[in-house]
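Chemist: Provide a 3D model corresponding to the input given below.
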Amino acid sequence: MSLKCPPFTGWVYKDGVCVYLDHKGSQYEIEPICRRYLAAEVLEIKQSPNVVGPGVERLKLIGISLRNPLFLDVKLLAFREKLLISFKGFAWQRHHSLAAAKDSCFLQRESCSGVLQLKGAHYTVRGSVLVDSPGSGTVLYVKSACSPGYHGVNCTKRCLLCPGSHPCNPLSGRCEEGLRCVRRIGPSCLHGLVSSRCPGRAGWWYWDGHCYFMEEKDTKTWEEAERACRSFGEGLGLLALNSQEEKAWVATMVQRHSWTGLNDLDGDGRWTCMTQHTDPSVPW
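Modeler: Numbers count the residues shown, from 1 in each chain. Coordinates of the predicted model:
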């Protein structure tokens, strides 16, 4: 078994080759399956004469092979000016070369989902969300055994047809063309994402499926801040923090003292959250 073979049941490693055998299928039947895997080819294996007894027809096995995974540069899906991020548990490690980063990514198993090449540096990254990073010059290599357009276990699922020239995410099959990195720190863009789902004016940011507005100029009382939020649409208001991850992200984003939905308007020393989001269909 090799860490560089597809991580699916049925794949074995032998003599520098990753092989998946189908004892029943014909070459015609297996070719569409072969096309689902990246850099794969149909392999025909014939049994030697001394294995087949008298009167028994020679048998052949039809399978799929990935040639020399350990000795040649393993082919990974490459995307230009893209990043992989995760809203929970995003991590990265820097390596001295692209080859070292790829080897480390395979050794890390599920803890690594790709390799990022950025301004001469190479990082292993763990993430599942594909993000545009225009002007960054990055090259992202995604650790997926599936050909473009396929994803899932044994690469059996077809990706969604994404608008324009945007590729689908090979890890999830989703179209994430609306996410764009405008403020990056190293290989991470958790604190610099904007989305086409959010209002286009300055101050709006995106995190984990929601849009957030950060006031960066005016100073307001709690009541004024609440009215300003409600002016963006029905059912909106000051932020109610729902998790430690969200709290940490907001704390990093705000540049000064800011209001959330918590207040002590009556001055009794007890803070209560007055924010009620009544419309679950909006992302903010």
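Chemist: Residue 110: neighbouring residues, count only.
Modeler: 8 (other CB atoms under 10 Å). To be clear about C-beta, it is placed using only N, CA and C from the backbone, and glycine gets the same treatment.
Chemist: Name all residues that make contact with it.
Modeler: Listed by CB atoms under 8 Å, 6 or more residues apart in numbering, the contact set of residue 110 is empty.
Chemist: let's number from 798 now, not from 1
Modeler: Done: numbering now begins at 798, and the last item shifts to residue 907.
Chemist: For it, what are phi and psi?
Modeler: phi -70, psi -10 (degrees, to the nearest 10).
Chemist: can you check residue 881 too?
Modeler: Torsion angles, degrees, to the nearest 10, at residue 881: phi -110, psi 130.
Chemist: From what I see, it and residue 930 are in contact.
Modeler: No: using CB atoms under 8 Å, residue 881 makes no contact with residue 930, being 10.3 Å away.
Chemist: ok, those two, which is more surrounded?
Modeler: Legend: neighbour count by other CB under 10 Å for residue 881 and residue 930, higher for residue 881 (28 against 24).
Chemist: hey, what's residue 876 bridged with?
Modeler: Residue 876 has these beta-bridge partners by DSSP bridges: residue 937.
Chemist: can I assume it is in contact with residue 927?
Modeler: Yes: at 7.4 Å, residue 876 counts as touching residue 927 under the criterion of CB under 8 Å.
Chemist: out of these two, which sits in the more crowded spot?
Modeler: Using other CB under 10 Å, the more surrounded residue of residue 876 and residue 927 is residue 927, with 25 against 21.
Chemist: burial of the nearest residue to residue 980 once chain neighbours are set aside, as a residue count?
Modeler: Spatial nearest neighbour of residue 980, excluding adjacent residues (CB to CB, 6 or more residues apart in numbering): residue 989 at 2.7 Å. For residue 989, the neighbour count with other CB under 10 Å is 17.
Chemist: which residues touch the residue nearest in space to the middle of the chain?
Modeler: By CA atoms, centre = their mean, the chain has its centre lying nearest to residue 925, at 2.0 Å. Residues in contact with residue 925 (CB under 8 Å, 6+ apart) are 881, 883, 910, 966, 968, 969.
Chemist: measure the closest residue to the last one other than its chain neighbours to residue 1038 for me?
Modeler: Take residue 969 and drop its neighbours on the chain: the residue closest to it by CB to CB, 6+ apart is residue 925, 6.1 Å away. When CB to CB, to the nearest Å is applied, the distance between residue 925 and residue 1038 equals 23 Å.
Chemist: For the protein, just list every one of the helices.
Modeler: Taking DSSP state H as the criterion, the chain carries its helices at 824-831, 895-904, 1019-1027, 1041-1050.
Chemist: care to break the protein down by domain?
Modeler: Using automatic domain parsing, the domains assigned to the chain come out as 808-864, 874-978, 1009-1070.
Chemist: Using JSON lines, lay out those domains together with distance to residue 993 and mean pLDDT.
Modeler: Output for the domains of the chain, formatted as JSON lines (distance: least, CB to CB, whole Å; pLDDT from 0 to 100):
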{"stretch": "domain 808-864", "distance to residue 993": "29", "mean pLDDT": "66"}
{"stretch": "domain 874-978", "distance to residue 993": "4", "mean pLDDT": "90"}
{"stretch": "domain 1009-1070", "distance to residue 993": "15", "mean pLDDT": "80"}
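Chemist: nearest to residue 999, of those?
Modeler: Minimum separation from residue 999 across the domains of the chain (CB to CB) falls at domain 1009-1070, 7.9 Å.
Chemist: how long is that closest one from one end to the other?
Modeler: 17 Å (CA to CA, to the nearest Å).
Chemist: cool, stretch 889-906 as well?
Modeler: Per CA to CA, the first residue of stretch 889-906 is 14 Å away from its last.
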